[in-house]
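Enquirer: Here is a sequence together with a model predicted from it:
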Amino acid sequence: MLQSLFDQLHAVCDVPLPNARSLPGELYQSPEFHQWERQHVFAADWLPVAHVSQIPEPGDFITIDLLGEPLVAIRDTDGTPRVFSRVCPHRSMDILPPGHTSGRLTKTAARAPLPESHGHTRFLQCPYHAWSFELNGRLVACPEMQHTCAFDRADHSLRTFATTLWNGFLFVNFDATAPPLAPDLTELNDFLAPWQPEQMVVVREQDWECDFDWKVMVENFSETYHHLGAHHSTLQPLMPAKRNWTEQERRRYLHSHLPFTDRYAASIQSALDTGDTTATFPIQTGLTEAGMTHWHIIIGYPLFLLLTAPDSWAWYRIDPIAPGKARLTTHLLVPASTRDRPDFPDLLKREYAKLIAFHLEDMEVCAAVQRGLQSRTSQPGPLSHLEMPVWLFHRYLAARTRQTWPTDDRPAALSQSPTA
Ligand code: FES
Ligand SMILES: [Fe+2]
């Protein structure tokens, strides 16, 4: 059965882009395919959990649930960001269960509004039998264990996973033997550097329950052909679909460009020259021309979704909870200098409203696509050349069915750059 689903996947994407089609609906609802994704896609790759700005001070933490794993990202006393399992090494209680208030919002309240998942604490204490852990995960106190045989506190630290920090984002990998992430993303470093990614700050985050599969969200985020329909009055006038193009295939990510109209590009330049903030946040200085005149979409396979604009970033984190169901957390990031402006609350209100306007357009189409995929009339449809990111994403999945990575087993697809 799984092999038949793989065959259907290969049939639509192991072909040149002009022959490529969308995925069969079954792949967005099959429990078997979802189980395979959990074991061979998500559990084998690096998954984003937090941005360092969400835990700025020692003791700051954020709870994250990812693929059924309760996690906490916390800033250690020495300033190191760490990720631990929230599963207590005593009898497996979630040490920071929903609604548990100990340690939450004692200090970070000053930076409110923050979701319930954020908090600050001097140490982590399991609410069940009061075992306490230092911020580096070490067990420091556990009452009434003196008669227990061969008990050594050093053996019962909070468990952790392979963790890496890349451009301010913390990633985990549930496979301790996984190859590192950074070497496959080095080409992005120079491009992202002018924004000073580790100095960016998350200023808004919001959770969304999604009645659609994680792949529907990745496809929607990656392609901008839909500016013609879903965003015809919001994004299409600024970034017309037909100008969009996608870079060559990469092993671990895809990178797509959304060039601005000349008029919009001129208004961005003018906002930079004059410091005008009537239509955007302050424009980041020092950007390359491509950074100034395009939005950029980056998908770090499988679940890291990043959009760069000259004044801000949007970062989407997905938790694929079941076939056809996902939990999405959207984040807006700006440079710290923007956040520290006295007029920032007003700017944020205005800019966030714009972001939500087109996000809601996306949420609506994603839910409608999932409903369509579940129909008996659904079938793989032909892709436009503007949907190259969708094809690349499918080629990533196909590579994973062969236990390899894009570009390792076949030549990389070429860039669509107009200057290539
Ligand atoms: S389960 Fe955590 S202290 Fe007992
Ligand atoms: Fe969209």
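Expert: Structure received. Ligands and ions are numbered 1, 2, ... in the order given.

Enquirer: now the lowest-mean-pLDDT helix or strand in the chain, how far from the centre of its chain.
Expert: Least confident helix or strand, the chain: strand 118-120 with a mean of 92, by mean pLDDT, DSSP states H and E. A distance of 21 Å separates the centroid of the chain from that of strand 118-120, by Cα atoms, centre = their mean, to the nearest Å.

Enquirer: wait, does whichever helix or strand comes after that strand contact ligand 1?
Expert: Next along the chain after strand 118-120, taking DSSP states H and E as the criterion, comes strand 124-125. No: remark: strand 124-125 sits outside contact range of ligand 1, by Cβ under 6 Å from any ligand atom, the gap being at least 8.4 Å. For glycine as for every other residue, the C-beta is placed from the backbone atoms N, C-alpha and C.

Enquirer: what about the helix or strand following strand 124-125, average pLDDT?
Expert: Remark: after strand 124-125, the chain's next helix or strand is strand 132-133, criterion DSSP H and E. Strand 132-133 shows an average pLDDT of 97 in the prediction.

Enquirer: So in that sheet, which strands flank strand 132-133, and in what orientation?
Expert: Strand 132-133 has the following sheet partners, assigned by DSSP bridges: strand 124-125 (antiparallel), strand 139-141 (antiparallel).

Enquirer: Pick the most deeply packed of those.
Expert: Mean neighbours per residue, mean count of other Cβ atoms under 10 Å, is largest over the strands paired with strand 132-133 for strand 124-125, with a mean of 23.

Enquirer: what's the burial count for residue 134?
Expert: Using other Cβ atoms under 10 Å, residue 134 has 16 other residues around it.

Enquirer: what's the answer for the one 4 residues further on, then?
Expert: Residue 138: 14 surrounding residues under other Cβ under 10 Å.

Enquirer: hang on, it packs against residue 156?
Expert: No: Residue 138 is beyond contact range of residue 156, at 9.0 Å (criterion: Cβ atoms under 8 Å).

Enquirer: just the helices in the stretch 1-150 of the chain please.
Expert: Along the stretch 1-150 of the chain, the segments classed as helices by DSSP state H, counting those that start in this stretch run 2-13, 31-40.

Enquirer: Show me what the longest one is packed up against.
Expert: For helix 2-13, the contact count by 3 or more Cβ pairs under 8 Å, 6 or more residues apart in numbering; DSSP states H and E identifies helix 31-40, helix 388-401 as packing neighbours.

Enquirer: I would like the residues contacting that helix, please.
Expert: Contact with helix 2-13 is made by 20-24, 26-27, 30, 32-33, 36, 380, 391, 394-395, 397-398, 401, as judged by Cβ atoms under 8 Å, 6 or more residues apart in numbering.

Enquirer: With only the CA atoms kept, save stretch 398-410 in CSV.
Expert: Written as CSV, here are the backbone C-alpha positions of stretch 398-410 (Å, rounded to 0.1, in the frame of the first residue of the first chain):
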residue,chain,number,x,y,z
ALA,A,398,10.3,11.6,-3.4
ALA,A,399,14.0,11.7,-2.5
ARG,A,400,13.1,10.8,1.1
THR,A,401,11.2,7.8,-0.2
ARG,A,402,14.5,6.7,-1.6
GLN,A,403,16.3,7.6,1.6
THR,A,404,18.3,10.2,-0.1
TRP,A,405,18.1,14.0,-0.5
PRO,A,406,17.3,16.2,-3.5
THR,A,407,20.4,16.8,-5.8
ASP,A,408,22.1,13.7,-4.3
ASP,A,409,20.4,11.2,-6.6
ARG,A,410,19.8,13.3,-9.7
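
Enquirer: in the stretch 101-250 of the chain, which ranges drop under the pLDDT threshold?
Expert: For the stretch 101-250 of the chain, the stretches with pLDDT under 70 are 101-114.

Enquirer: Go through this structure and flag its longest helix.
Expert: helix 344-373 (DSSP state H).

Enquirer: who in the stretch 51-200 of the chain is up against ligand 1?
Expert: Taking Cβ under 6 Å from any ligand atom as the criterion, the stretch 51-200 of the chain approaches ligand 1 at residues 88, 90, 91, 93, 126, 128, 129, 131.

Enquirer: Just the buried residues of the residues you listed.
Expert: Neighbour counting with 16 or more other Cβ atoms under 10 Å marks 88, 90, 93, 126, 131 as buried within these.

Enquirer: how about the residues you listed, which pair is most distant?
Expert: Pairwise distances across these (Cβ to Cβ) peak at 9.1 Å, for the pair 93 and 131.

Enquirer: residues contacting the residue lying closest to residue 210 once chain neighbours are set aside?
Expert: Once flanking residues are discounted, residue 210 sits nearest to residue 326: 4.3 Å by Cβ to Cβ, 6 or more residues apart in numbering. Residue 326 makes contacts with 210, 212, 213, 214, 217, 318, 319, 320, as judged by Cβ under 8 Å, 6+ apart.

Enquirer: Just give the strands next to the helix or strand that residue 254 is a member of in its sheet, each with its orientation.
Expert: According to DSSP H and E, residue 254 maps onto strand 253-259. Paired with strand 253-259 in the same sheet, following DSSP bridges, are strand 245-246 (antiparallel), strand 294-300 (antiparallel).

Enquirer: Ok, which of those comes nearest residue 201?
Expert: When these are compared by Cβ to Cβ, strand 294-300 sits nearest residue 201, at 19.0 Å.

Enquirer: Next, the angle from the helix or strand just after the closest one to strand 253-259.
Expert: Later in the chain than strand 294-300, the nearest helix or strand by DSSP H and E is strand 304-308. Interaxial angle, strand 304-308 versus strand 253-259 (axes from the mean of the first three to the mean of the last three Cα atoms, to 10 degrees): 30 degrees.

Enquirer: Show me what strand 304-308 is packed against.
Expert: Identification of packing neighbours for strand 304-308 by 3+ Cβ pairs under 8 Å, 6+ apart yields helix 214-222, strand 294-300, strand 313-322.

Enquirer: distance of the residue nearest to residue 218 when sequence neighbours are not counted from ligand 1?
Expert: Leaving out its chain neighbours, the residue that sits closest to residue 218 by Cβ to Cβ, 6+ apart is residue 393, at 5.8 Å. Separation of residue 393 from ligand 1 (Cβ to the nearest ligand atom, to the nearest Å) stands at 40 Å.

Enquirer: So for residue 393, what's the pLDDT?
Expert: 98.

Enquirer: Hmm, residue 299 and it touching each other?
Expert: Yes: judged on Cβ under 8 Å, residue 393 makes contact with residue 299 at a distance of 6.6 Å.

Enquirer: which residues are common contacts for those two?
Expert: Residues touching both residue 393 and residue 299 (Cβ under 8 Å, 6+ apart): 218, 222, 254.

Enquirer: Cool, thanks, signing off.
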